[in-house]
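*Asks:* Need the 3D shape of this:
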Amino acid sequence: MATQVLYRKWRSRTFAELVGQDHVTRTLRNAVRTGRVAHAYVFAGPRGVGKTSAARLLAKALNCEAPRDGEPCNECASCLAVSEGRAMDVIEMDAASNRGIDDIRDLREKVKFAPTESRYKFYILDEAHQLTDAAVDAFLKTLEEPPPHTVFVLATTEVHEIPATILSRCQRLDFRRIPVVDSVRRLEQICAAEGIEATFEALETISRAATGSMRDAIGLLDQVVGFLGEGRRIDLQVVQQIVGLSGGEAAHDLLHYLADGDLASGLRLINRLVESGVDARQFGREVVDYLRGMMLLKAGAPSSLLDVSPESLERQRGLAERFSAGQLLQSLRIFTRGDSAPRGVNLGQLPLEMAFVEASLALTGESATSVPPPPVRSVKEPRQASRPVERPAWWADEDRGSTPAAATHDGEATTPVQPTKPAPAAEPAPQPAPTRRAPEPVAAEAGPLTIEPVVERWASLMERLGQANRGAQALLRDARPLRIDDGAVVIGCRYPFHRDRLNDERSRSSVESVLGQVFGRRVRVQFVLDSGETSREVEARPDPVGAVLSDPVVKSAVGLGWRVTRIAKEEGVVYNAEPQDDPGASEEPG
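*Replies:* Numbering: from 1, shown residues only. Next comes the predicted model:
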């Protein structure tokens, strides 16, 4: 038969045994003694600090046949039934698995019935924050006005997720993390009762590893006992091997080496701890906690803020005298950054070693960033000519007669290199044809930016934008600059979708960057729907497309399903009409 684990065996039997929650136990004990028990409570706090145990103690005290100053007697039939988990009128529900509206409806029906054996029917809802919205709505009326023989306790670790409508109907009690001193004292009581021999340092290390959870601390003690077997003494080395902690001594030694500037000894200590089974990240957190205590002591904070024994406090205070407040703060920041390794990436002790070395360099006045960076090749260095990027046949360009620009490695646009005639063998190899670069930025003007240069250089702007952000260039194909409004270039878009996408941070910054490069100044843009408004110069321009489309011959061609395209040639703009179902039709002007 399996033995009962220690944390269940040593669950608190009275309010006085509940560790580290004096403010809660006093409130509940007075409520039982004076008969002023609320109809509903919310017990909020971290895991393992006694929320469910306090709820059971309250149920035991309310139904006790002979309570003593608000404490249960633990001798009557009702107290024994609650302690053994067989009380029919103490109902525990796990709201994580019974969170739906059907579960709450069933609860509402059962609440109406009187208790079977006791004076009060007691409901404990664990993890109450996981109730669904529908279940909460169904529970509100019953929670606000339950039958006089019913008491509710809602336990939760995420009180901020409980709706305000629930909290306003309950009396809230907040549970705190268990201090290390109180946790060690409780572990000593358990060890004495169980016949376990353990050193104070070992129990202190167990309590620190539990991070304020009494249940975790007792569970770790049970694990260490199981590892050693009966009759063996628990010491610090055994706890470090199982839990992966080093204890405060190692953190003190490492910071002592930091104060001495002894890099070799500090790095040897880190690697020796890791080889002995100590978790490097956990040890880094111990160092951070030790540095925090030193910083508080250096700032004159009361020693009660440090959850350490008096002996450790004096050693910590003595080491803090070797640092200034600024050095402690800087070291604390460095070691805190060392604990931020990416998730899923195991770097071992490297982040801790780097933090120790960096903190040591900072104390000596040498910056870790003083090493000069490797030389970066200038973007203006000549590079090998890149191969031109050819546009596919389906590429829709307003000006088919122009040759598309190709992007080079340095981000500047060039035209494809024209083929040259083969050179005679005696002559040197031909040099690449000179490339035509994208328009250079204009010099920054003293006056404000006007719409005219934006309209004139719109094609070159689009060309540059295609190299920086092809998506933004595609969205701007049907757009046009309208005006300058409060220093911003207002660009009109034909469709709301294009406007919304261009107003995205990435697209907007790409357009503004290109405009800034061309005009040599910081330019803001604003994208709006094109309502037909534009500058006087743009409005005064004739509309060649409208003139062509209004021609009777072109209208007839369009009516017959022909396609009209615009072609730019050296002699001017020519419009071509061809049947849409015959892509190979001759290009005769329409």
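
*Asks:* residue boundaries of the helices in the stretch 1-150 of the chain?
*Replies:* Along the stretch 1-150 of the chain, counting by DSSP state H, counting those that start in this stretch, helices occupy 6-9, 22-34, 51-63, 77-83, 101-111, 133-144.

*Asks:* Single out the most deeply packed of the ones you listed.
*Replies:* With neighbours defined as mean count of other C-beta atoms under 10 Å, these peak in mean count at helix 51-63, which reaches a mean of 24. For every residue, glycine as well, the C-beta is placed using N, CA and C.

*Asks:* export the helices of the stretch 1-150 of the chain to TSV and tack on mean pLDDT and distance to residue 192?
*Replies:* Shown next, in TSV, are the helices of the stretch 1-150 of the chain (pLDDT from 0 to 100; distance: least, C-beta to C-beta, whole Å):
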stretch	mean pLDDT	distance to residue 192
helix 6-9	87	13
helix 22-34	92	22
helix 51-63	92	21
helix 77-83	90	22
helix 101-111	88	43
helix 133-144	88	43
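
*Asks:* Out of those helices, flag the one nearest residue 352.
*Replies:* Residue 352 sits nearest to helix 6-9 of all the helices of the stretch 1-150 of the chain, at 32.1 Å, using C-beta to C-beta.

*Asks:* Need the helices of the stretch 1-150 of the chain in JSON lines (columns: distance to residue 459).
*Replies:* Formatted as JSON lines, the helices of the stretch 1-150 of the chain follow (distance: least, C-beta to C-beta, whole Å):
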{"stretch": "helix 6-9", "distance to residue 459": "76"}
{"stretch": "helix 22-34", "distance to residue 459": "74"}
{"stretch": "helix 51-63", "distance to residue 459": "70"}
{"stretch": "helix 77-83", "distance to residue 459": "85"}
{"stretch": "helix 101-111", "distance to residue 459": "64"}
{"stretch": "helix 133-144", "distance to residue 459": "56"}
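
*Asks:* and of the ones you listed, who's closest to residue 195?
*Replies:* Closest approach to residue 195 among those (C-beta to C-beta): helix 6-9, 12.6 Å.

*Asks:* Using PDB, write down the CA coordinates of the closest one.
*Replies:* Below are the C-alpha coordinates for helix 6-9, written out as PDB (Å, rounded to 0.1, in the frame of the first residue of the first chain):
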ATOM      1  CA  LEU A   6       4.300  14.400   3.700                       C
ATOM      2  CA  TYR A   7       2.400  17.400   2.400                       C
ATOM      3  CA  ARG A   8      -0.900  15.600   2.800                       C
ATOM      4  CA  LYS A   9       0.100  14.100   6.100                       C
END
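
*Asks:* what helices or strands is it leaning on?
*Replies:* Here helix 6-9 touches helix 214-228, going by 3 or more C-beta pairs under 8 Å, 6 or more residues apart in numbering; DSSP states H and E.

*Asks:* Next, the residues that contact stretch 517-528 from outside, please.
*Replies:* 439, 441-445, 449, 453, 457, 460-461, 464, 479, 482, 485, 487-493, 498-499, 502-503, 508, 511-512, 515-516 (C-beta atoms under 8 Å, 6 or more residues apart in numbering).

*Asks:* Now, those residues that are in helices?
*Replies:* Among the contacts of stretch 517-528, DSSP state H puts 453, 460, 461, 464, 498, 499, 502, 508, 511, 512, 515, 516 in helices.

*Asks:* show me what contacts the last one?
*Replies:* The reference is to residue 516. Residue 516 neighbours (C-beta under 8 Å, 6+ apart): 522, 523.

*Asks:* Retrieve the pLDDT associated with it.
*Replies:* What the model reports as pLDDT for residue 516 is 83.

*Asks:* quick revisit: return the member of the ones in helices among the contacts of stretch 517-528 nearest to residue 60.
*Replies:* Taking C-beta to C-beta as the measure, residue 60 lies nearest residue 508 of the ones in helices among the contacts of stretch 517-528, at 65.2 Å.

*Asks:* From the contacts of stretch 517-528, list the buried ones, please.
*Replies:* The neighbour-count test (16 or more other C-beta atoms under 10 Å) marks 449, 457, 460-461, 464, 479, 482, 489-493, 498-499, 502, 508, 511-512, 515 as buried among the contacts of stretch 517-528.

*Asks:* mind listing the strands for the stretch 401-550 of the chain?
*Replies:* Counting by DSSP state E, counting those that start in this stretch, one finds strands in the stretch 401-550 of the chain at the ranges 406-407, 413-414, 480-485, 488-493, 524-529.

*Asks:* Neighbours of the closest residue to residue 158 other than its chain neighbours, how many?
*Replies:* For residue 158, ignoring the flanking residues on the chain, the nearest one in space by C-beta to C-beta, 6 or more residues apart in numbering is residue 129 at 4.5 Å. Residue 129: 22 surrounding residues under other C-beta atoms under 10 Å.

*Asks:* change the start of the numbering to 20 and stick with it
*Replies:* Okay, using 20 as the starting number, the last item reads as residue 148.

*Asks:* can you pull the contacts of residue 229?
*Replies:* Listed by C-beta under 8 Å, 6+ apart, the contact set of residue 229 reads 67, 197, 202, 235, 236, 239.

*Asks:* And these, which two are furthest apart?
*Replies:* Farthest pair in the contacts of residue 229 (C-beta to C-beta) is 197 and 239. Separation: 13.1 Å.

*Asks:* how about low-confidence regions in this protein?
*Replies:* Low-confidence segments of the chain (pLDDT under 70): 20-21, 250, 263-267, 328, 358-365, 385-466, 550-569, 572-573, 577, 580-609.

*Asks:* what residues go with each domain of it?
*Replies:* Annotated domains of the chain cover 25-193, 201-360+367-382, 470-559, 563-598 [automatic domain parsing].
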